[in-house]
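Undergrad: Quick one: sequence plus predicted model below, questions after.
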Amino acid sequence: MKKLLTGNEAIARGAYEAGCHVATAYPGTPSTEILENVSTYQEIYSEWSTNEKVAMEVAAGASIAGARSMVAMKHVGLNVAADPLYTIAYEGVNGGLVVITADEPGMHSSQNEQDNRLTAIHAKIALMEPSDSQECKDYIKQAFEISEEFDTPVLFKVTTRICHSKSAVELEDRVEVPIREYVKDTKKYIMVPAHSKLKHIQMEEERIPRLQEFSNTTGLNKIEWNDRKIGIITSGASYVHAKEVFEDTVSYLKVGFSWPLPDEKFKEFAAGVEKIYVIEENEPYMEKHIKAMGIECTGKEIFSVCGEINPQIIREAILGEKPEEGYSMEIVAPTRPPALCAGCPHRGIFYEMSKHKNKINVTSDIGCYTLGAMAPLNVGDTVICMGAGISAGIGFDRVNQLAGRDKKVFGVVGDSTFFHSGMTGLVDAVYNKSKMVTVILDNRITAMTGHQENPGTGKTISGVESPMVDLVGVVKAIGVKEENVRVIDPYDMDANKEAVKAAIDADEPFVIITKQPCALIKDVMSRRANLYSQVNQDKCKKCKTCLKIGCPAISMKDNVVSIDTAMCNGCEVCVQVCPFDAIESFGEEVK
Amino acid sequence: MTKSLLLVGVGGQGTILVSKILSEGLLEEGYDVKMAEIHGMSQRGGSVTTQIRFGEKVYSPTVNKGDADVLVSFEKVEALRYIPQLKKDGILIINEEEIWPLTVLAGLEKYPEGVMEEIKEKLANVVSVDARKIAEELGEPRSANIVMLGLMVKALGIENIDWVSKIKKFLPERFHEANIKAFKRGLAL
């Protein structure tokens, strides 16, 4: 039976069919739906792990214990998971271990566009790159076999266009693969220097040459001979884009198994075509290797390292064909950046922080609240990576003091991000006596990636109830003094005001925890469905204060300020900021 | 002959649902189908685009500049943003609803006037409709996207596919009646 699946759904299906037993992940676009789909198969134990490093370690432990295991993350997640990855590479596996990295050329919702194929070289692990959904499913099944055959984790690289594109996939049945016997083997699984030295030699002398041989012979690296004037070496999504342009008029070497690279196939292909183009997204990963082999080819001379590749880019670069002449319009569309939703619980505290611009710096983090840095709130001096909201704040605050600046640093993180890697930063802040303020925005969900459960929500990925990790308890246990902790409702502007003021005045680590669930959580939406606020036009003085909170439900058209009552959820932040009491609340909560 | 469709709108308008229904119907009809979506920020009022390509054999899911046979815009200025993707003789199906981006709400930018006038002046094949209003008349404002689906199906000449069963498959039962009505209304426009 053929079914339209996204790459992510196909990966999940592949894991199911391959007899995978354990799958872990931390959510991150464009990888999130892999585990969401895996969790629908009862045969596989799946979990949202606290972060990618934990996810990698859970999967590694499961592999050593004998189970086929898979771990999925976005590209920057692989940085978090790098520590276990580089050493499990030495140890090898028992049950097959597949590590999925979902890269984001073009950065549709990421902070960088690192090319994780380079990780395979560095960690010395097998690398696979599917081109569409069918290959996602087929390759995952082979990935488990390769992992077990060569005793190595397999890095499985996909990109946004593969993860989030749908194409037809032939479904098959699950093949049960028994959990392998675990035999204690300290030389293999305990990486102390004496063992690691032997392992490294073994990798270099045995595993890698065997993988090299495999790469040269496997059908995953496939030559399609057509006309031989032009030969294209390509991988991943670039392959389908190239096929779209040239169909069967040029020859292809499609690289599906890309570390180690297939040297013999490169030589054979080079001998058979007149001119070689290498088409690959981001880094010249294959191109540099091919050139180092002494084979002439053209790649990044005509393709950018930045952004995605598409058929049009290929057409222009190789054939010199200008894009089709489309329509051009004179009126320019206004920009439409993503914004904090109407009723978003982050808005109140961000508005309060925005009023203290001259007194504070804000080190922000990865999540919906990153959007607080956009106009009109403009709250945020830096955003780096998960957890840096707190840790970068420690450094920033220290330097503000060294430089004699009278500015306090507020580090902002979400609940899921706090568990992910914010906790360690807070420990550092307490331990090293930082005066920075930590703001934990607890909205009871991992919101930005589309509402995943986390250790604070009291539910697992499968919806099973589990103990709720006590955020306030954790903060106090770390050593933040009772009098320096404020737990507030961020819809309450007086509470926001008091907390921010106390935080600015404090001389010790200070933590504000805002508690109010994400406005888009289904239960919250139905509970607040009848609540809304409206502008009393008789009282409105058009001072535009309410527009400064950046709520998409509030607009000023033809000099009239109004609220879209369908969008409004009655959070009443605007009601409280209006200096003329011109905004009124209506409706009751649905019990 | 491969056809390329580009659906654009604002997060929350249901463009992705329409794309799913369309792709599924086309696959069942025997076409090779590829669909790509960019939805990283979809719930937060950002631009959302989905691309659908179908034909005998389709390789790339990507629709390029001047490449779309049909551009379906669920919001007025989003059409403006993506018109360069439309082929010279392509069809624009546009919902005239205005959703002001935050930059406009905050007074940093202006929502332009005269958009429909320029579009109608420059493009030969424009189908414009106020889908939100029609959906409201039908009693289910959220079915505006399905009104648009009806229009698309008609413009593409693929009325023979069993769309009603697809709508039923992708929507909860309590929404079936309103959305099937919306679809038929779109078809009849």
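TA: Everything's here; your move.

Undergrad: Where do the helices of chain B begin and end?
TA: For chain B, the helices defined by DSSP state H cover B:15-28, B:76-82, B:102-105, B:115-122, B:131-137, B:144-156, B:163-170, B:176-188.

Undergrad: Over to the stretch 401-550 of chain A?
TA: Taking DSSP state H, counting those that start in this stretch to define them, one finds helices in the stretch 401-550 of chain A at A:415-417, A:423-431, A:471-478, A:493-505, A:522-527.

Undergrad: Looking at the ones you listed, which is nearest to chain B?
TA: Chain B lies closest to helix A:522-527 among the helices of the stretch 401-550 of chain A, at 11.7 Å (Cβ to the nearest Cβ). Heads up, the C-betas are built off the backbone N, CA and C, glycines and all.

Undergrad: and the closest one, average pLDDT?
TA: For helix A:522-527, mean pLDDT is 94.

Undergrad: low-scoring stretches of chain B, by residue?
TA: Where chain B drops to pLDDT under 70, the residues are B:39-44.

Undergrad: follow-up on the earlier one: now the helices of the stretch 401-550 of chain A as TSV including mean neighbour count and distance to chain B?
TA: Shown next, in TSV, are the helices of the stretch 401-550 of chain A (neighbours: other Cβ atoms under 10 Å in any protein chain shown; distance: least, Cβ to the nearest Cβ, whole Å):
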stretch	mean neighbour count	distance to chain B
helix A:415-417	28	16
helix A:423-431	19	26
helix A:471-478	16	24
helix A:493-505	18	19
helix A:522-527	13	12
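
Undergrad: what's the closest of these to B:Arg174?
TA: helix A:522-527 (13.5 Å; Cβ to Cβ).

Undergrad: Identify the residues contacting that closest one?
TA: Outside helix A:522-527, the residues within contact range by Cβ atoms under 8 Å, 6 or more residues apart in numbering or on different chains are A:517-519, A:569, A:589-590.

Undergrad: Any chance of CSV for these, columns distance to chain B and pLDDT?
TA: Converted to CSV, these look like this (distance: Cβ to the nearest Cβ, whole Å; pLDDT from 0 to 100):
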residue, distance to chain B, pLDDT
A:Pro517, 15, 96
A:Cys518, 10, 96
A:Ala519, 10, 95
A:Asn569, 14, 95
A:Glu589, 22, 95
A:Val590, 17, 92
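
Undergrad: Listing request: residues of chain A with sub-threshold pLDDT.
TA: For chain A (pLDDT under 70), the answer is none.

Undergrad: what are the phi and psi values for the closest residue to chain B within the stretch 451-591 of chain A?
TA: Residue of the stretch 451-591 of chain A nearest chain B, by Cβ to the nearest Cβ: A:Ser555 (4.9 Å). Dihedral angles of A:Ser555 (phi, psi; degrees, to the nearest 10) stand at phi -140, psi 160.

Undergrad: From B:Ile99, how far off is the nearest residue to it once chain neighbours are set aside?
TA: With sequence-adjacent residues excluded and distances taken as Cβ to Cβ, 6 or more residues apart in numbering or on different chains, A:Ser555 is closest to B:Leu105, at 4.9 Å. Distance, B:Leu105 to B:Ile99, by Cβ to Cβ, to the nearest Å: 10 Å.

Undergrad: How about A:Trp225?
TA: Counting by Cβ to Cβ, the gap from A:Trp225 to B:Ile99 is 52 Å.

Undergrad: between those two, who's got more neighbours?
TA: B:Ile99 (23 against 13; other Cβ atoms under 10 Å in any protein chain shown).

Undergrad: State the helix or strand in which A:Glu33 lies.
TA: helix A:32-38 (DSSP states H and E).

Undergrad: which bits of the stretch 251-400 of chain A sit near chain B?
TA: For the stretch 251-400 of chain A, the contact set with chain B under Cβ under 8 Å from any Cβ of the partner chain comprises A:310-312, A:323-341, A:368, A:371, A:374-376.
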